[in-house]
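Asker: any chance you could fold what I've pasted below:
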Amino acid sequence: EKEIPIPMLALVGAALHASVTEWRSGAHKPAAFSGDSYVDAYNEHVILLQGIQLKNLRAFHVMMHRLYRQAT
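Answerer: Alright, predicted model coming up:
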């Protein structure tokens, strides 16, 4: 069964982080999204997902496969 790749989901997480950050003050303050600006958020998501994968491979596969199915 196909899964969403970890790097793809980590990028989505970093993009969501960026979006929430734009609203931190309560008002929308647009900011450019760049790899340099959000590399730490991306790496944190990768580490989190790899941790889930190591802890429970079956549950990780089910989660990533469900996300794949929802996205296709």
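
Asker: tell me which residues touch residue 38, please.
Answerer: 14, 15, 17, 18 (C-beta atoms under 8 Å, 6 or more residues apart in numbering). For the C-beta atoms, the positions are set from N, CA and C on the backbone; glycine is no exception.

Asker: most neighbours of all those residues, which one?
Answerer: For these, the largest number of neighbours (other C-beta atoms under 10 Å) sits with residue 14, at 22 neighbours.

Asker: that one and residue 62, how far apart?
Answerer: Per C-beta to C-beta, to the nearest Å, residue 14 is found 23 Å from residue 62.

Asker: of the contacts of residue 38, which is the nearest to residue 66?
Answerer: residue 15 (19.9 Å; C-beta to C-beta).

Asker: which element is that closest one on?
Answerer: helix 6-22 (DSSP states H and E).

Asker: circling back to that earlier point, what is the nearest of the contacts of residue 38 to residue 53?
Answerer: residue 14 (18.2 Å).

Asker: who touches the closest one in this structure?
Answerer: 38, 41, 42, 45.

Asker: in helices only, show me those.
Answerer: Judged by DSSP state H, helices contain the following of the contacts of residue 14: 38, 41, 42, 45.

Asker: quick one: contacts of stretch 53-60?
Answerer: In contact with stretch 53-60 (C-beta under 8 Å, 6+ apart) are residues 6, 49, 52.

Asker: neighbour-wise, which of these leads?
Answerer: Going by other C-beta under 10 Å, residue 49 tops the contacts of stretch 53-60 with 20 neighbours.

Asker: helix, strand, or coil at residue 26?
Answerer: coil (DSSP: H, G, I helix; E, B strand; the rest coil).
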